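Q: A predicted structure for the sequence below; I have some questions about it.
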Amino acid sequence: VRVTFTPIHRRGEGVSGTIAVLQDVTEQEKLEQARREFVANVSHELRTPLTTIKSYLEALDDGAMDDHQLATRFLGVTRSETERMIRLVTDLLHLSRLDSKQAIIAKESTVVSEMLEEVADRFSFQLQQRRIRIVIRIEQGISRIMLDRDKIDQVLDNLVSNAIKYTADEGTIHILARPVDKDLLQISVQDTGIGIPKKDLERIFERFYRVDKARSRNMGGTGLGLSIAREIIKAHGGAISLESEFGQGTKVVFTLPVQAEESEAI
Ligand code: ADP
């Protein structure tokens with residue numbers, strides 16, 4: 001707590017009183033600390049691919065260019081590092097728009113089952129390759145909901161992509177949509193993957209927080225997916241949470257409010 005005293009002067013009377021202001025600076029300091037950490041993280045995350053690109057370009061310059069096979073491989077690396085930077089900057093832009101409330105939430109009427117089936121379709125190639133099964137279940141009650149389709153797709157894509165990334169071959173992913181009550185839809189994505197240790201659980205929605213940085217990077221992750229998902233769900237008036245048993249699997253659950261006139265029984 002910061003305390004500041006300001007004397008009150010009255011003409012001819014000298015100091016007649018004091019105003020004391022008590023200010024809670026812990027919250028302010030925490031924010032400042034988080035901001036500093038964020039900038040350090042962004043710089044580091046951008047510096048890593050840039051350093052890699054630089055060294056591969058130097059190697060090409062130093063003669064690797066004459067070896068066609070080697071040159072092709074090196075160019076492949078610089079391209080994938082560039083793509084990673086683009087993903088990172090795109091994610092940062094999304095976050096900054098959501099933070100500054102500039103992101104426009106354009107809701108449209110959406111059929112829940114169609115939306116979920118389309119998510120699974122987008123990943124069908126990866127799922128087939130890894131022989132991972134997706135099971136979608138829709139409980140009766142809410143078939144349609146108003147939501148920003150692009151943004152909720154982004155949330156779902158992130159959750160399913162994480163589920164695939166952190167699940168061994170031949171695992172199963174369950175997507176379940178069920179009404180919690182008549183004006184709240186709950187959607188969950190559950191996997192049979194590696195899970196998240198207890199100590200990491202409460203920080204997992206923080207920006208750039210990863211259980212295993214090297215692993216996440218190798219998988220092409222930016223460490224921002226869950227933070228973006230949380231902001232998008234918040235902007236819809238919902239909530240998101242994560243349960244996980246290390247070695248058993250992970251379940252991410254989010255809710256979306258339904259306005260009365262938009263809900264429609266199946
Ligand atoms: P990333 O781009 O690294 O996947 P996210 O914000 O999406 O970033 O996730 C943060 C971290 O949470 C991941 O690096 C990973 O350690 C952990 N995580 C997220 N989803 C899962 C999951 N389904 N199973 C296990 N770990 C997960």
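A: Arrived safely, thanks for sending.
Q: contacts and neighbour counts: CA atoms only from here.
A: OK.
Q: Now name the helix or strand holding R35.
A: helix 25-61 (DSSP states H and E).
Q: got it, and A120?
A: Secondary structure (DSSP H and E) places A120 in helix 112-122.
Q: so where do the strands sit in the protein?
A: 2-10, 14-23, 108-111, 133-138, 144-147, 172-181, 184-191, 240-245, 249-257 (DSSP state E).
Q: can you list those in TSV and add mean neighbour count?
A: Shown next, in TSV, are the strands of the chain (neighbours: other Cα atoms under 10 Å):
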stretch	mean neighbour count
strand 2-10	11
strand 14-23	11
strand 108-111	14
strand 133-138	17
strand 144-147	21
strand 172-181	19
strand 184-191	23
strand 240-245	18
strand 249-257	21
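Q: With G76 as the reference, name the closest of these.
A: strand 133-138 (30.8 Å; Cα to Cα).
Q: Give me the contacts around that closest one.
A: 113, 116-117, 120, 127, 170-178 (Cα atoms under 8 Å, 6 or more residues apart in numbering).
Q: could you dump the residues you listed to a markdown table with pLDDT and distance to the ligand?
A: What follows is the contacts of strand 133-138, written out as a markdown table (pLDDT from 0 to 100; distance: Cα to the nearest ligand atom, whole Å):
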| residue | pLDDT | distance to the ligand |
| --- | --- | --- |
| S113 | 97 | 22 |
| L116 | 98 | 17 |
| E117 | 98 | 19 |
| A120 | 97 | 15 |
| L127 | 97 | 14 |
| E170 | 95 | 15 |
| G171 | 96 | 12 |
| T172 | 97 | 11 |
| I173 | 98 | 10 |
| H174 | 98 | 11 |
| I175 | 98 | 12 |
| L176 | 98 | 15 |
| A177 | 98 | 17 |
| R178 | 97 | 20 |
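Q: for the helix holding A120, packing partners?
A: strand 133-138, helix 149-165 (3 or more Cα pairs under 8 Å, 6 or more residues apart in numbering; DSSP states H and E).
Q: Pull the distance from that helix to the chain's centre.
A: 20 Å (Cα atoms, centre = their mean, to the nearest Å).
Q: likewise stretch 221-236?
A: On Cα atoms, centre = their mean, the centre of stretch 221-236 falls 3 Å from the chain's centre.
Q: The ligand contacts on this structure?
A: With Cα under 6 Å from any ligand atom as the criterion, the chain meets the ligand at residues 162-163, 166, 193-196, 204, 209-212, 216, 221-227, 250.
Q: Among those, which lie within helices?
A: By the criterion of DSSP state H, membership of those in helices covers 162-163, 216, 225-227.
Q: CA-only coordinates of the worst-scoring helix or strand of the chain on mean pLDDT in CSV, if you can.
A: Here the helix or strand of the chain ranked lowest by mean pLDDT, DSSP states H and E is helix 213-218, holding a mean of 80. Provided in CSV are the C-alpha atoms of helix 213-218 (Å, rounded to 0.1, in the frame of the first residue of the first chain):
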residue,chain,number,x,y,z
LYS,A,213,8.5,-25.2,-24.1
ALA,A,214,10.8,-27.2,-26.4
ARG,A,215,8.0,-29.7,-27.1
SER,A,216,5.4,-27.1,-27.8
ARG,A,217,7.8,-25.2,-30.2
ASN,A,218,8.6,-28.4,-32.1
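Q: Let me have the contacts of strand 133-138 in TSV, adding distance to R10 as columns.
A: Listed next are the contacts of strand 133-138 as TSV, based on distance: Cα to Cα, whole Å:
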residue	distance to R10
S113	72
L116	70
E117	74
A120	74
L127	78
E170	81
G171	78
T172	76
I173	73
H174	72
I175	70
L176	70
A177	68
R178	67
